[in-house]
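[1] Task: produce atomic coordinates for the following.
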Amino acid sequence: MPASAAAQAIAPLGDGGRLGDIGDRAGRLGVEIADVAGLIADLSAISQSQAKQADAARASARDMSSATTRLGQSMGLSREAAADARRVLDQSAGQISDVVNRTTQAMTGLSESALGFRTRLDEVSGTVKGVEQASMAIAQIARETKLLALNASVEAARAGEAGRGFAIIANAVKGLADQIQEFSGQTVSHLGVLTEALGGLRQEAEGNAEAASQAMTDAHAATEATATLEELVDSVGRLVSDIDAMAQPVEQSISGFESMQSELSALADGVADCRAHLEQAETRTQTILGISEEFMLFLVEAGVETADAPFIDLARAKADEISELFEDAVRRGQIGMSDLFDENYRDVPGSNPKQVTTRFTAFTDKVLPAIQEPVLGFDKRIAFCAAVDRNGYLPTHNTIYSQPQGNDPVWNAANCRNRRIFNDRTGLSAGRSTKPFLLQTYRRDMGGGQFALMKDCSAPITVNGRHWGGVRVAFKV
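    Below is the predicted model of the structure:
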């Protein structure tokens, strides 16, 4: 609607005072709508976070329910396995106990026989030694008898005819002594063989006795192992009882998790519905905010004086001044049109938050401060004045916001705002609007959950009929 038509449309409202009152109320309405829009955006963000948390909780409950179900199944299988093991062990324990008892008795008898054999063998060895000693004594007597018979033969020879009978007796005694000595030697030889055989038997008897002793020890250990097996049977029985005791709480947990999962699903669905409504409310609020901005433009074009009029005039004047400066620089060859409209943003290495440069950044750093800096002294409510291109790129900020970046990203975000792209709704709208001016109200994040209501008045910058961007004048409400 042309300005004259707009003025005619609102003329019936009365004098300028009433029109000014309408402008003021429209301005306050825009502020309230912006505040509500910010609150709805916050609620939408909270709802989105809650939706993620609800989905995560539902997924966790589902996983826990599944895990508890598997635990219940495993416990059932474990109980069946333990019961089977108990039955098998119970049967095996009885059989093993009988076998061990019989084996122990047999091994004990064998051990006692082996030990008795060794004792009897020791007695035989003693008897053999006695016989061997007696044989040696007989051999000694035979030698002495043989020597005596020899002496008697010598004396009989000296006696002549008178000693002939005595010589016959001496020869007989000598023959008997030779036989006794021969038999004694054979006996000693046989006793040596017998002694050697007894020695071998003794070694085997020693080995058997040691084996018998070890067997008795092993039999005792087997008896103890049988007792241990019986204790194991009892332990398995207690395990079955414990599993039975644990099964009931697990079953209750399964039921509880199923109920909780159902409730969490309902909660997540409710959060999702709430989020959908909030998204619709946010969209509609942004639409209402746009209508409020359009209404403010309508009032100003209709000639209605508002409290924001000085800032609107200031933004439009600065936009015209920058447009003329850019056109003059192109005309003088200080910068080409292609360089001035360069959108090839190159990252500044190591910057955080990210800063970028283009082919016109050095040019704007040189020429814009002379236009932008004096605006800060126009009114104490003005927070900044800066030009942005169509993509919200702000190459040259006010000096107070153009500090060199340090190591703290939070400090950088507040004090190093030059060479940044602000493509939020306010920044992008300011850069792309081709209307005579655009008055936006928004909440500025001050950190720590605190926000300040701000107004952003922008006007388009054109260079030789081509839209470059806009100048933004932000001031406190």
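[2] show me the contacts for V330.
    G336, M337, L340, V463, N464 (Cβ atoms under 8 Å, 6 or more residues apart in numbering). Glycine gets a C-beta too; all of them are placed from N, C-alpha and C.
[3] What distance do you get for the last one to K318?
    Spelled out, that is N464. 19 Å (Cβ to Cβ, to the nearest Å).
[4] The two: who's more crowded?
    K318 (23 against 12; other Cβ atoms under 10 Å).
[5] Longest strand in this protein, please.
    strand 450-463 (DSSP state E).
[6] Strand partners (parallel or antiparallel) of the next helix or strand after that one?
    Scanning forward in sequence from strand 450-463 by DSSP states H and E, the next helix or strand is strand 466-476. Sheet pairing here is set by DSSP bridges, and for strand 466-476 it gives strand 382-389 (antiparallel), strand 450-463 (antiparallel).
[7] Identify all contacting residues around the first one.
    This points to strand 382-389. Contacts for strand 382-389 (Cβ under 8 Å, 6+ apart): 311, 318, 322, 341, 343, 364, 368, 372-373, 375-376, 394-398, 401, 422, 427, 430-431, 444, 454, 461, 468-476.
[8] So which other helices or strands are in contact with the next helix-or-strand element following that strand?
    The helix or strand immediately downstream of strand 382-389 is strand 393-394, counting by DSSP H and E. Counting contacts by 3 or more Cβ pairs under 8 Å, 6 or more residues apart in numbering; DSSP states H and E, strand 393-394 packs against strand 382-389, strand 420-421.
[9] Those: which one's closest to E327?
    strand 382-389 (14.2 Å; Cβ to Cβ).
[10] average model confidence for that closest one?
    Strand 382-389 carries an average pLDDT of 96.
[11] any idea how far E80 is from Q73?
    11 Å.
[12] quick revisit: out of the contacts of strand 382-389, which are buried?
    Buried by 16 or more other Cβ atoms under 10 Å: 311, 318, 322, 341, 364, 368, 372, 375-376, 394-398, 401, 422, 427, 430-431, 454, 461, 468-475, out of the contacts of strand 382-389.
[13] and R443, helix, strand or coil?
    Of the three states, R443 takes strand under DSSP: H, G, I helix; E, B strand; the rest coil.
[14] For S241, find the nearest of the helices and strands packed on strand 393-394.
    Nearest to S241, of the helices and strands packed on strand 393-394 and by Cβ to Cβ, is strand 420-421 at 70.3 Å.
[15] helices or strands next to that closest one in the packing?
    Using 3+ Cβ pairs under 8 Å, 6+ apart: strand 420-421 touches strand 393-394.
[16] Next secondary structure after the strand it packs on?
    helix 409-415.
[17] So which other helices or strands are in contact with that following helix?
    By 3+ Cβ pairs under 8 Å, 6+ apart, helix 409-415 packs against no helix or strand.
[18] Any buried residues in it, and which?
    Quick answer for helix 409-415 (16+ other Cβ under 10 Å): N412, N415.
[19] what does it contact?
    So helix 409-415 is in contact with S351, N352, P353, I400, Y401, Q403, Q405, G406, G447, going by Cβ under 8 Å, 6+ apart.
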